[in-house]
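Enquirer: Could you work out the structure for the sequence below:
(chains A and B)
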Amino acid sequence: MNDKKLIKRLASRAETSTVLILVVMIAIIACLQNNFFTVRTMLSYINSFTPLILLAMGQAVVIIAGGLDMSCGTTMALLLCIMTRIMDPERPVTGLYALVAGLAAAAVIGAVNGFAVGYLRLPAVIATYATSYIWLGIALFVTPTPGGKVVDWFRGFYDLKNIPSLAGIGQFVPSALLWVLLACAIWWVVRRTKTGRYIYAVGSHNDNAYDSGINTAKIQTAAYLLNALFCFFVAVYYAGQNGAGNANLGDSLTLQAVASAVVGGVAMSGGKGSVFMAIAGALIMSLVGRIIYFANIPNAYQTFVSGIIIIAAIATSSVYSFQQRRAQLKGGVRNG
Amino acid sequence: MPLLEATSVKKLFGGVVALSSGSLTCEAGRITGLLGTNGSGKSTISKIITGVYAKDGGTILYEGREIAYKNPNEARMDGISMVFQNLSLIPDLTVWQNIALGNEEKKGLFLNNASAVRQAEEIIGELLPGLDVNRRVCELNPGEQQITEIAKAISVKPKLLIFDEPTAALEQEEVKSLFAYMRKLAKEGVAMIFTSHRLWEVLEICDDIVVFRNGENVGAMDFSRDGRDPEAIVRMITGETEGIHTAKEYHDIPDEPALTVQGLTYGKYLQDISFRLRKGEVLGIGGLAGQGQNELMLALAGSYPEVSGSVEIGGKRVRLNRPSNAVRSGVLLVPGDRQKEGLFARNSIYYNMIYPKLGLKKQPFFTPEKQYRAEAEEICRALSVRAKDIDVDIDTLSGGNQQKIVVGKWLPFDIKVLLLADPAKGVDVGAKRDLYEFIMNLVREKDMSVILYASDSDELISYCDRLLIMYEGQVVSQLTGPEITEDNIVARSMRVE
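Expert: So this is what the prediction gives:
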């Protein structure tokens, strides 16, 4: 009796299907790759998945607020280019300048996107697609060919072992994990403030939120600012990893971040979903590539198969919303 | 001094007068009923007071000072709270989150959720005990949503509370507990404005009433002084409208079924609807706005795949699960919202006329332009559409001419049943008469049948052979021939008999 109730409650939650898919994928990959459950493998996975996880979280915030950010990849690339351009390995203090400049640039980028979508009420897809070219253009101006330098201590943002004094901690704690935890902590706090509540309200029903006294444009701008902050984290992480900037680095990440959020159960219509579940979405998106690699699928079919897996993942996570719509019709909920 | 005094408030919507001179007075501790038919301006004046609309004239004094709020929240913070008919809730937030929305208390950096939940539980406890405040609004039924909306309005402790049709979605029991709560608020000195189409509710809860018709006050009644006379109220609402309709001649219609509907059900919008439509008959659908009339039209036109029930057209069973089935069977819809449902506004008259054909019939590979153009021009002449030629864009035409195109595009089809969903909405008087005359001629000549839903009862009286009154998704009564009068329609719609 109690078991049935529990199953029913779990089945009625959007998160369940996403977690289920993730578990299945981990099981598959654990079978394919014999050394999956080793510290070494885990560490390499965490290191390579972190950028997408962070971008997916930022994207989730924006989508929940009723927007979309088609510029998150180039935003990240621009911040990376600015920072690697400023830094001079001879003078460690320039690393600090780079961080400040990067953060300021992130704030400007978030504000511009937020202004276009929130205040000018431009369609989010088009507006941010347009701004993505602006960020890319500036990035190409700053760093025409991949290059730039970082100061030594910046490498610690990728791996604490790169800094002698922190190497001890670095043995046990990967930097990548710290970045994800930091992003989670920030969202955890925001979620409990007015801004966090209003982000959901604005995305769910913009007009009613406005009538309830919420400054909807301000809230959407806040969402874009938060997203830009997470892009900044990724930029710092990449700077530590690559030690150089590349204007074209982020291109492929943008749509992957959107897809990750959707696979994680964030509804494109806004107001629904969880930023934390976007992490699960990003893991699923990342694992797709690994599974295909270890399954020995011929090169020629890899892209094709990964497309099918992603569609299947999205379809599974939307079964829930389809069922809910039907239930609403039966119960006769008017505003859906 | 009255709490609120609105004097000759005026409001225009794109040149159309919604409110020509509305006046209203509210006093602390009194519940004032606001009555009138659809479009009489009673909602408009409420929305002007709370800042949803800006007024175009007149004065509103609140606590002795002139007010003009920019949005409902400003009014709410100033002590005027409104319960909206089309709710102002956020579907993805919980009940308590909605009740606190825009007015959250903080505890340090974070929101004080514990106190918000407590306050919500307190109010909900009196209005609808048993409603879990942790449920999300999109999971609630309409009644529970309405209660949440009311709780949201009450939570800010307003001095003036405006209810716009709060009871339409509520069950008897819920209405009773709402009334109990309203009386308690009145004792505490809160002034209230109450709008409802259900007359018995108004008689029970209000201290006095104000009646609106065509955008202005036509009467007022203080129940303690004048007594509670429902007949007099109905007369005030409808006005002296006898004698202005074109007299309808009723013919005998042979009992040949054109359309038989059995047990049509769609969610909660349509419940077990059955009727027979005879060949050559004009069947009216009346009742208060939003009782399922539009849904019935759309269901018959095949817009709802989930609909259940059986439909026979000319003795043959038809599945109306998609629009193309309905069109193939000769059931054609002239929708109420022509901009959204009936036309491609940015395309030309000609394109709009041929889309239905391209979509359905077996078409030659190349469209026979010449033939179709001639046909379209012919229809435009027949309907006397005022346009330069058939290549002008639809959105350059007037509302009446646009509606003629919506009707005209079906003319080349073999029309068995024409569904008219408020076809004259926003159409001027002359064009309205032309349109109806044309359709009634078709009925006589082509032996087709019509189902007509009109929000204006004049149109129903002038053109219908028979009238079904709908109420909350059901057909509740039927008027035949000379029985179709304004008084009868209003009485049956409000269920006063």
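Enquirer: residue closest to the middle of chain A?
Expert: Central residue check for chain A by CA atoms, centre = their mean: the C-alpha nearest the mean position is that of residue A:56, 1.7 Å away.
Enquirer: so that one sits right up against residue A:257, yeah?
Expert: Yes - between residue A:56 and residue A:257 there is a contact at 4.8 Å, judged by CB atoms under 8 Å. To be clear about C-beta, it is placed using only N, CA and C from the backbone, and glycine gets the same treatment.
Enquirer: shared neighbours, the two?
Expert: Contact criterion CB atoms under 8 Å, 6 or more residues apart in numbering or on different chains; residues shared by residue A:56 and residue A:257: residue A:282.
Enquirer: Paired strands for the one helix or strand residue B:258 maps to, with orientation please.
Expert: Secondary structure assigned from DSSP states H and E places residue B:258 in strand B:257-266. Strand B:257-266 has its sheet partners listed here by DSSP bridges as strand B:270-278 (antiparallel), strand B:308-313 (antiparallel).
Enquirer: so which of these comes closest to residue A:264?
Expert: Of all the strands paired with strand B:257-266, strand B:308-313 sits nearest to residue A:264, with 36.4 Å by CB to CB.
Enquirer: measure residue A:234 to chain B for me?
Expert: Distance of residue A:234 to chain B, computed by CB to the nearest CB, to the nearest Å: 26 Å.
Enquirer: Could you check the helix or strand where that residue lies and say which residues are buried?
Expert: Using DSSP H and E, residue A:234 falls within helix A:216-242. Within helix A:216-242, the residues that count as buried by 16 or more other CB atoms under 10 Å in any protein chain shown are A:216-217, A:219-242.
Enquirer: Which strands and helices lie in contact with that helix?
Expert: Helices and strands touching helix A:216-242, by 3 or more CB pairs under 8 Å, 6 or more residues apart in numbering or on different chains; DSSP states H and E, are helix A:39-64, helix A:72-86, helix A:94-114, helix A:175-191, helix A:194-204, helix A:206-211.
Enquirer: State the pLDDT value of the residue lying closest to residue B:107 once chain neighbours are set aside.
Expert: Spatial nearest neighbour of residue B:107, chain neighbours left out: residue B:115 (7.7 Å); criterion: CB to CB, 6 or more residues apart in numbering or on different chains. If you check residue B:115, the pLDDT there is 91.
Enquirer: so residue B:115 touches residue B:104, yeah?
Expert: No - if you go by CB under 8 Å, residue B:115 and residue B:104 don't touch, sitting 9.7 Å apart.
Enquirer: Contacts only, for whatever residue of the stretch 351-497 of chain B ends up closest to chain A.
Expert: Closest to chain A within the stretch 351-497 of chain B is residue B:473: 9.1 Å, counting by CB to the nearest CB. Contacts for residue B:473 (CB under 8 Å, 6+ apart) come out as B:268, B:269, B:270, B:271, B:273, B:291, B:292, B:295.
Enquirer: if you set the cut-off to 7 Å instead, what comes out?
Expert: Listed by CB atoms under 7 Å, 6 or more residues apart in numbering or on different chains, the contact set of residue B:473 reads B:268, B:269, B:270, B:271, B:291, B:292.
Enquirer: can you pull up the bridge partners for the closest residue in space to residue B:134 that isn't next to it in sequence?
Expert: For residue B:134, ignoring the flanking residues on the chain, the nearest one in space by CB to CB, 6+ apart is residue B:94 at 5.4 Å. According to DSSP bridges, the residues that bridge with residue B:94 are residue B:136.
Enquirer: Just say helix, strand or coil for the residue sitting nearest the centre point of chain B.
Expert: For chain B, residue B:289 is the residue whose C-alpha lies nearest the centre (CA atoms, centre = their mean; 3.5 Å). Secondary structure, DSSP: H, G, I helix; E, B strand; the rest coil: residue B:289 is coil.
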